[in-house]
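>>> Provide a 3D model corresponding to the input given below.
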Amino acid sequence: MATGVLIHQGKVFVQKRLPSGVWARLWEFPGGRIKPNETSEQAVVREFMEETGFKVRVREKITIVEYMHNATYLVTMHCHYCGLVGENMEPKLTAATEFKWTAPEDLNGLSFPAGHRKLIDFMNWG
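Numbering: from 1, shown residues only. Predicted structure coming up:
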């Protein structure tokens, strides 16, 4: 898995997952599975375009977070800081019901899946 923390003008982009499926109604950083022959950086850029319509560039790797999903399998999530290419801050959501541009310190007040919460804790935001 790969995910991107998009920061623009001091705010962090998060989106709320759909009301059904895995992690329904939880907030998240956009991302998803890494396809064969794809780097985690390429996956983040592709997933942002697919999920939000945003064109992003990866700035740097943050960390790798590992967590158990449903006590069944280990997920390895490659986490990257991203920057927005252009100034359009209104996404076209395809995998979420709403979005926020929020201050990093306000992330603690939102409900995230365990892997994303570990990432937030690693960044000392929350």
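
>>> how about the residue nearest in space to the middle of the chain: what's its closest non-neighbour residue?
In the chain, the centroid-proximal residue (C-alpha atoms, centre = their mean) is F29; its distance is 1.9 Å. Of all residues not flanking F29 in the chain, T3 sits nearest, at 4.7 Å (C-beta to C-beta, 6 or more residues apart in numbering). In short, each C-beta sits where N, CA and C put it, glycine included.

>>> after the helix or strand containing the one you found comes which helix or strand?
For T3, the enclosing helix or strand under DSSP states H and E is strand 2-8. Per DSSP H and E, the first helix or strand lying C-terminal to strand 2-8 is strand 11-17.

>>> what sits up against that next one?
5-7, 23-30, 51-52, 54, 91, 93, 95-104, 107, 110, 125 (C-beta atoms under 8 Å, 6 or more residues apart in numbering).

>>> show me which of these are buried.
Buried residues within these, counting neighbours by 16 or more other C-beta atoms under 10 Å: 5-7, 23, 26-30, 51-52, 54, 91, 93, 95-96, 99, 102, 104, 107, 110, 125.

>>> what about those residues, which are in strands?
V5, L6, I7, W27, E28, A96, F99, T102 (DSSP state E).

>>> quick one: low-confidence parts of the protein?
125-126 (pLDDT under 70).

>>> next, the angle strand 96-102 makes with the lengthiest helix in it.
Counting by DSSP state H, the longest helix found in the chain is helix 40-52. For helix 40-52 against strand 96-102, the angle by axes from the mean of the first three to the mean of the last three C-alpha atoms, to 10 degrees is 110 degrees.

>>> what helices or strands is helix 40-52 leaning on?
Using 3 or more C-beta pairs under 8 Å, 6 or more residues apart in numbering; DSSP states H and E, the elements in contact with helix 40-52 are strand 2-8, strand 11-17, strand 31-32, strand 56-69, strand 73-84.

>>> next one: C79 from R117, what distance?
Look at C79 and R117: by C-beta to C-beta, to the nearest Å, they are 12 Å apart.

>>> so the two - more neighbours on which side?
C79 (24 against 19; other C-beta atoms under 10 Å).
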